[in-house]
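**Q** below are the sequence and a predicted model for it; my questions follow.
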Amino acid sequence: MAVWRQVWSRHFLALTLLLYVLLHTMDVHARPANMSASKDKNPSTKDENEILPPDHLNGMKLEMDGHLNKDFHQEVFLGKEMEEFEEDSEPRRNRKKLIEIFSKVDHNKDRSVSAKEMQRWIMEKTEEHFQEAIVENKNSFRAVDPDGDGHVTWDEYRIKFLASKGFNEKEVAEKIKNNEDLKLDEETQEVLESLKDRWFQADNPPADQLLNEDEFLSFLHPEHSRGMLKYMVKEIVRDLDQDNDKKLTLSEFISLPMGTVENQHAQEIDDDWVRERKKEFQEVIDSNHDNIVTMEELEEYMDPMNEHNALNEARQMIAVADENQNHSLELDEILKYSEYFTGSKLMDYARNVHEEF
């Protein structure tokens with residue numbers, strides 16, 4: 001029996017050591033691969049986000065693809081304070097913050113907000129978004145201008161872009177230098193061609209095929225340049241214009257995106273899409289109410305620093321919450337409709353309003 005135990009102990013020890021070695025070997029080989037994948041993924045996404053034009057532009061009524069900006073009201077009311085009103089934020093804290101904002105919008109301190117006061121506030125908040133974009137652009141420009149000469153060529157940009165998509169930066173640079181085929185997949189090639197068109201549009205006359213920091217800002221944020229705003233409008237019209245007359249009818253503007261309605265919920269979403277776009281087309285974008293939207297009308301509508309648009313927006317925002325129909329907003333009204341203004345619903349909005357204010 002003692003002999004059997006001794007043999008078993010030796011075998012058990014050998015098996016344990018073998019298992020440990022195997023696991024350790026597998027861990028040594030597997031862990032760097034996983035860490036490498038993790039390291040590659042995060043910075044790549046970060047770099048790509050830094051140097052690619054964003055799909056969403058804060059303070060713009062339309063997205064780059066022509067969809068309505070669902071957060072527009074909150075963006076022009078909250079400015080850079082948007083992140084403070086998260087859905088899971090403490091309601092009492094949000095209410096206090098909203099009261100503080102109300103006191104700032106109420107410029108003449110008469111405890112009500114007029115359309116002119118709201119217009120002034122909207123312009124200030126839009127300017128905040130502009131300044132944020134300028135700061136972010138400085139970092140983005142450094143990422144594509146490694147030699148720091150203050151100018152970026154198209155080749156320099158596309159090397160960085162392709163590197164952010166997982167291509168080897170040195171290999172791409174060498175191929176471009178030698179005029180070799182980059183062998184890109186169709187999707188990447190299409191994106192690159194679109195970016196190239198946009199790049200040369202941002203190159204202010206006299207065109208030198210180089211972008212400085214200001215031109216690169218227009219490349220990423222077309223709202224900062226009248227020329228690039230026109231380009232953005234042109235692209236949106238091109239995507240929606242079914243008869244190629246460079247104008248938009250109501251039916252073209254409310255056309256549903258590609259896809260089929262699969263269930264009742266999807267049908268309701270599609271109905272909302274049509275309803276919202278029809279209202280925006282008829283009441284806001286079509287300024288002369290001839291049932292046609294020209295590029296000029298769409299450009300005026302899209303211009304975030306248009307004071308007339310800001311006044312119209314102010315009147316619309318007031319109309320949503322103006323329960324006593326006096327064409328201005330009181331504190332209890334803005335608290336009651338907090339979800340519209342901030343995206344965050346407050347509980348017991350009217351409690352102790354006057355005491356807190």
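**A** Nice, thanks for sending it over. Worth saying up front: this structure is predicted, and the values here are computed from it rather than measured.
**Q** could you use CA atoms for every contact and neighbour count after this?
**A** OK.
**Q** in CSV, list the C-alpha atoms belonging to stretch 327-347.
**A** Extracted in CSV, the C-alpha atoms of stretch 327-347 (Å, rounded to 0.1, in the frame of the first residue of the first chain):
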residue,chain,number,x,y,z
HIS,A,327,-45.0,84.3,-25.8
SER,A,328,-42.3,83.9,-23.1
LEU,A,329,-41.2,81.2,-20.7
GLU,A,330,-41.5,81.2,-16.9
LEU,A,331,-39.4,79.0,-14.7
ASP,A,332,-42.1,76.5,-13.9
GLU,A,333,-42.8,76.0,-17.7
ILE,A,334,-39.2,75.3,-18.5
LEU,A,335,-38.9,72.9,-15.6
LYS,A,336,-42.1,71.1,-16.6
TYR,A,337,-40.7,70.6,-20.2
SER,A,338,-37.2,69.9,-19.1
GLU,A,339,-37.0,66.7,-21.2
TYR,A,340,-37.4,68.9,-24.4
PHE,A,341,-34.7,71.4,-23.3
THR,A,342,-32.2,69.0,-21.7
GLY,A,343,-33.1,65.5,-22.6
SER,A,344,-33.5,64.8,-18.9
LYS,A,345,-36.9,64.4,-17.3
LEU,A,346,-37.2,66.0,-13.8
MET,A,347,-39.5,64.6,-11.1
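**Q** just give the nearest non-adjacent residue to Trp199, would you?
**A** Phe219 (6.2 Å; Cα to Cα, 6 or more residues apart in numbering).
**Q** model confidence over the helix or strand containing that neighbour, on average?
**A** Using DSSP states H and E, Phe219 sits within helix 213-220. For helix 213-220, mean pLDDT is 96.
**Q** CA-only coordinates of it in PDB, if you can.
**A** Presented in PDB, the C-alpha positions along helix 213-220 are these (Å, rounded to 0.1, in the frame of the first residue of the first chain):
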ATOM      1  CA  GLU A 213      -5.000  74.400 -39.900                       C
ATOM      2  CA  ASP A 214      -8.000  76.700 -40.700                       C
ATOM      3  CA  GLU A 215      -8.700  74.800 -44.000                       C
ATOM      4  CA  PHE A 216      -8.400  71.500 -42.100                       C
ATOM      5  CA  LEU A 217     -11.000  72.800 -39.700                       C
ATOM      6  CA  SER A 218     -13.400  73.400 -42.600                       C
ATOM      7  CA  PHE A 219     -12.600  69.900 -43.900                       C
ATOM      8  CA  LEU A 220     -13.700  68.300 -40.600                       C
END
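**Q** contacts for that helix?
**A** 51-54, 133-134, 137-138, 141, 150-151, 198-199, 201-204, 224-225, 228 (Cα atoms under 8 Å, 6 or more residues apart in numbering).
**Q** now swap in stretch 327-339 and tell me
**A** 95, 98-99, 102, 111-115, 315, 318-319, 321-323, 341, 344-346, 349-350, 353.
**Q** again, but for stretch 68-83
**A** Counting by Cα under 8 Å, 6+ apart, residues outside stretch 68-83 touching it are 58-63, 121-123, 125-126, 128-129, 277, 317, 340-343.
**Q** starting at the chain centroid, how far to it?
**A** Centroid separation between stretch 68-83 and its chain, computed with Cα atoms, centre = their mean, to the nearest Å, is 11 Å.
**Q** quick check: end-to-end length of it?
**A** 20 Å (Cα to Cα, to the nearest Å).
**Q** check stretch 196-211 too.
**A** Across stretch 196-211, first to last residue, Cα to Cα, it's 12 Å.
**Q** buried ones in that stretch, by neighbour count?
**A** Buried residues in stretch 196-211, counted by 16 or more other Cα atoms under 10 Å: Lys196, Arg198, Trp199, Phe200, Gln201, Ala202, Asp203, Asn204, Gln209, Leu210, Leu211.
**Q** among the residues you listed, name the ones in helices.
**A** Lys196, Arg198, Trp199, Phe200, Gln201, Ala202 (DSSP state H).
**Q** and for the helix or strand following the helix holding Phe219, what are the contacting residues?
**A** Per DSSP H and E, the first helix or strand lying C-terminal to helix 213-220 is helix 226-240. If you take Cα under 8 Å, 6+ apart as the criterion, helix 226-240 is touched by 64-66, 201-202, 218-219, 222-223, 244, 246-248, 252-253, 255, 295, 298-299, 302-303.
**Q** then the helix or strand containing Phe77 to PDB, C-alphas only?
**A** Using DSSP H and E, Phe77 maps to helix 72-78. C-alpha atoms of helix 72-78 as PDB (Å, rounded to 0.1, in the frame of the first residue of the first chain):
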ATOM      1  CA  PHE A  72     -30.600  70.000 -31.800                       C
ATOM      2  CA  HIS A  73     -32.800  71.700 -29.200                       C
ATOM      3  CA  GLN A  74     -30.600  70.400 -26.300                       C
ATOM      4  CA  GLU A  75     -27.400  71.300 -28.100                       C
ATOM      5  CA  VAL A  76     -28.400  74.900 -28.700                       C
ATOM      6  CA  PHE A  77     -29.900  75.300 -25.200                       C
ATOM      7  CA  LEU A  78     -27.100  73.600 -23.200                       C
END
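**Q** kind regards, and thank you for your time.
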